[in-house]
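Q: sharing a model prediction with you, sequence too.
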Amino acid sequence: MALSGAPPIVARAEAAAGRTCIVADEGTFSYAELLEASGRVAAALLDGRADLEGARVAFLAPPGWDYVAVQWGVWRAGGVAVPLAVSHPEAELEYVVRDADAEIVVAHPDLAAALRGVAERNGRRFLLAGEALAAEPAPLPGVDEERPALIIYTSGTTGRPKGVVSTHANLRAQVTTLVDAWGWTAEDRTLLVLPLHHVHGIVNVLCCALWSGAVCEILPRFDADETWRAIESGRLTLFMAVPTVYRRLIAAYDEADDERRARMVAGCRRMRLMVSGSAALPVQMLERWREISGHTLLERYGMTEIGMALSNPLEGERRPGSVGLPLPGVETRVVDDEGRPVPPGTPGDLEIRGPSVFHQYWRRPEATAESFRDGWFRTGDVAVVEDGYYRLLGRRSVDIIKTGGFKVSALEIEEVLREHPAIGECAVVGIDDEEWGERVCLAVEATGDLPPLPELQAWARQRLAPYKLPRDLRLVDSLPRNAMGKVVKPEVAKLFAR
Ligand code: MLC
Ligand code: AMP
């Protein structure tokens, strides 16, 4: 196998060739099989060309074997992987295909119906994953590390989601810092239960496992019972999830009988590490999980644009309510409004610098420039440092909501909802919620007969991802506004006080 010049994660797989890499619905596959399959996918994408030269390839597959083979195939052909979300309606898929200007669209056969139409309407080449996996191998190009590898769409404080472009070198930095900090080895075996259109699933779980020559078991979607069964088997060594997933696991534990609970506990005890992130882990949840599993969840902090930046330690004190210390190779600072570092104990804006920080927002040079100050990436999160440990205090913008670990933009949801004939003005706010962290809530000034919430949700479901749908509704004569006529979101939030 000639892997010189292959992207770093691919080149490493040669050394692990005989080992198991993926266990998914489609079967069990070795690293050698992944190299073989991704080589075929790359050849299909190239279709006679020498190099995709950074062409974007949007692909839609449930978490599993096809997903991984296609992602690696895109990388090996010199393309930029644009993972699409299984849960998204056609409108959101089309937005990403168009915004990323994807040249090729690949779909798993189960999900091809909607995507084929999107590809045809927009004049993109369409390919079924199965066809790509069956192609004849061809010579593959060398791929320099500084070339873009991945575009992940993320909601921000303005308009529609932006594509976050990371290079192969960025991904390597994001992965290696975690592999070192969390002690990943080829002996590890993890279970992936997260969606594969965001960094938590892609980088922290999938790429770290494959970088390490470890085994990644994959569920096509999170299911508490199946997750527990995998843990009970005693074969997993580490697990990563968002707080909402741990909450579901706790609920399933509480419902289990004594015999099963004993197996659940035993399975947890055989694991070496359990990690939580993407949203604040309530201290009570950390404590309840410790009672059940014997593990103090390792909480860490990250963002699509930077990978992971802060982490509680593998060895040493894991402080509840804190996101820990800077990861190796990641520079962090907390600054005031003028960008001057503030002393420990003083809250300020968290900024990040280092090789893991993304390359650019796709075709948005102004947004890219605005997101940096003196070479530091401005996260928009407010933090305070206490004895070297970072604690998050909130976000700069009230318009960013974290629900179930997904970041959503209030402004984006409002923009879409304003297209409803009965909605005049509206305001979306995130309200604290035990299950979801925050819940998306909507206040409306109606211009006609406003349908009840389920009907409004059904309308919005055609246009927005399920996690962006409003979960609570208030009809108001007029939204609370300040003297300038601007809607005051904290006052809107009070409408939902229980
Ligand atoms: C779904 N539902 C919600 C909801 N999402 N209700 C309120 N708020 C939400 N956010 C409702 C559905 O409508 C449905 O209701 C019911 O819950 C079950 O829906 P589902 O689609 O089956 O949800 P489920 O699969 O159970 O989703 C829960 C989850 C998911 C926790 C598995 O939210 C998830 O995968 N979260 C992980 C997100 C993630 O990976 N984030 C990382 C981003 S990267 P009904 O009535 O229709 O039955 C990042 C950087 C970093 O943040 O630091 O990691
Ligand atoms: P995303 O833009 O989807 O990558 O989400 C990144 C955001 O998730 C960060 O800016 C934080 O606001 C939030 N986040 C990630 N990890 C944590 C954590 N451990 N605690 C609180 N918030 C977190």
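A: Yep, that arrived. Ligands and ions are numbered 1, 2, ... in the order given.

Q: report the central residue of this protein.
A: Centroid-nearest residue in the chain: residue 198, 2.1 Å away (criterion: Cα atoms, centre = their mean).

Q: contacts only, for that one.
A: Residue 198 makes contact with 152, 154, 278, 304, 406, according to Cβ atoms under 8 Å, 6 or more residues apart in numbering. Using the backbone N, CA and C atoms, a C-beta is placed for each residue, glycine as well.

Q: again, only this time at 7 Å
A: When contacts are counted by Cβ atoms under 7 Å, 6 or more residues apart in numbering, residue 198 touches 152, 304.

Q: from ligand 2, how far off is it?
A: Distance of residue 198 to ligand 2, given as Cβ to the nearest ligand atom, to the nearest Å: 6 Å.

Q: ditto for residue 368
A: For residue 368, the distance to ligand 2 equals 15 Å [Cβ to the nearest ligand atom].

Q: looking at it, that residue is touching residue 358, isn't it?
A: No - between residue 368 and residue 358 there is no contact under Cβ atoms under 7 Å: 8.8 Å.

Q: okay, the two: which has more neighbours?
A: Shown here are residue 368 and residue 358; by other Cβ atoms under 10 Å, residue 358 has more neighbours (26 against 19).

Q: before we move on, back to that, mind checking how far the residue nearest to the centre of the chain is from residue 324?
A: Distance of residue 198 to residue 324, given as Cβ to Cβ, to the nearest Å: 21 Å.

Q: end-to-end on stretch 476-495?
A: 9 Å (Cα to Cα, to the nearest Å).

Q: which bits of the chain sit near ligand 1?
A: Proximity of the chain to ligand 1 is confined to 194-195, 198-201, 221-222, 242, 244-245, 277-278, 302-304, 403-406, 436, 439, 466-467, 471 under the rule Cβ under 6 Å from any ligand atom.

Q: now, of those residues, which are buried?
A: Buried residues within the residues of the chain next to ligand 1, counting neighbours by 16 or more other Cβ atoms under 10 Å: 194-195, 198-201, 222, 242, 244-245, 277-278, 302-304, 403-406, 436, 439, 467, 471.

Q: all strands for the stretch 1-150 of the chain, in order.
A: Shown for the stretch 1-150 of the chain, the strands assigned by DSSP state E, counting those that start in this stretch span residues 20-24, 27-30, 56-60, 80-83, 104-107, 125-128, 148-154.

Q: quick check: closest non-adjacent residue to the closest residue to ligand 1 within the chain.
A: Of all residues in the chain, residue 404 sits closest to ligand 1, at 2.9 Å by Cβ to the nearest ligand atom. Nearest residue to residue 404 in three dimensions, chain neighbours excluded: residue 244, at 4.6 Å (Cβ to Cβ, 6 or more residues apart in numbering).

Q: picking that back up, take the residues of the chain next to ligand 1 and keep only those in helices.
A: Counting by DSSP state H, the part of the residues of the chain next to ligand 1 found in helices is 199, 244-245.

Q: hang on, the earlier thing: distance check, the residue of the chain closest to ligand 1 against residue 114.
A: Noted for residue 404: a distance of 23 Å to residue 114, by Cβ to Cβ.

Q: likewise residue 471?
A: Residue 471 is 25 Å from residue 114, where distance means Cβ to Cβ.

Q: same question, residue 400
A: With Cβ to Cβ as the criterion, residue 400 and residue 114 are 28 Å apart.

Q: so which of the residues of the chain next to ligand 1 sit within strands?
A: 302-303, 403, 406, 439 (DSSP state E).

Q: ok, which of those residues also contact ligand 2?
A: Residues of those in contact with ligand 2 (Cβ under 6 Å from any ligand atom): 302-303.

Q: between the ones in strands among the residues of the chain next to ligand 1, which is closest to residue 395?
A: If you rank those by distance to residue 395 using Cβ to Cβ, residue 303 comes first, at 11.0 Å.

Q: ranges for the helices of the stretch 301-450 of the chain?
A: Taking DSSP state H, counting those that start in this stretch, the helices of the stretch 301-450 of the chain run over residues 365-370, 410-417.

Q: of those helices, which is nearest residue 83?
A: Nearest to residue 83, of those and by Cβ to Cβ, is helix 410-417 at 19.3 Å.

Q: tell me the buried residues in the closest one?
A: 410-414, 416-417.
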